[in-house]
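> below are the sequence and a predicted model; questions follow.
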Amino acid sequence: MTFQQGQRAELTRTYSQQDMLEFAALSGDTANVPNSVPGPLIGGLFSYLLGVELPGRGTNYLKQNLEFLSPAPIGEALTASVTITKLRPEKHLVDLETVCVSSSGTRICQGRALVYVEDVGKS
């Protein structure tokens with residue numbers, strides 16, 4: 001597949017109170033049920049997008065940084081997006097901007113991802 005700078009993928013997900021109870025159970029800390037969506041669940045949205053949507057199958061995570069700006073409300077739709085900012089086909093590298101916003105437009109987190117893709121193609 002050929003990728004282009006500016007190419008974008010997004011995913012919208014709403015986390016419920018039940019999801020928070022299940023997260024607490026999985027983490028082994030049922031005494032502290034989160035009152036906002038935990039960072040690892042938001043990071044998982046980016047992981048899904050990178051591994052399934054853009055660049056997709058065969059993507060290897062090399063680096064990720066996330067800056068959390070605001071709590072992510074439970075029960076509100078969150079939209080995570082990844083956008084290609086730079087292609088380095090000679091090194092099989094793709095740089096992406098990662099952003100998550102709430103349905104009210106609040107930026108929940110932002111960051112960057114660097115992934116290795118065997119067939120980056122030419123931009």
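Here it is on my side, so go on.
> how much space separates the spatially most central residue of the chain from residue 7?
Geometric centre of the chain, nearest residue: residue 46, 1.6 Å, by C-alpha atoms, centre = their mean. Going from residue 46 to residue 7 by C-beta to C-beta, to the nearest Å gives 15 Å. Bear in mind the C-beta positions are built from the backbone N, C-alpha and C, glycine included.
> check residue 16 too.
Distance from residue 16 to residue 7, by C-beta to C-beta: 31 Å.
> ok, these two, which is more surrounded?
Counted by other C-beta atoms under 10 Å, residue 16 and residue 7 do not tie: residue 7 has more neighbours, with 17 against 10.
> for the protein, what spans make up the strands?
8-14, 60-68, 77-88, 93-102, 107-116 (DSSP state E).
> contact partners of the second one?
Surrounding strand 60-68, the residues in contact under the criterion C-beta atoms under 8 Å, 6 or more residues apart in numbering are 39, 42-43, 46-47, 50, 93, 98, 108-117.
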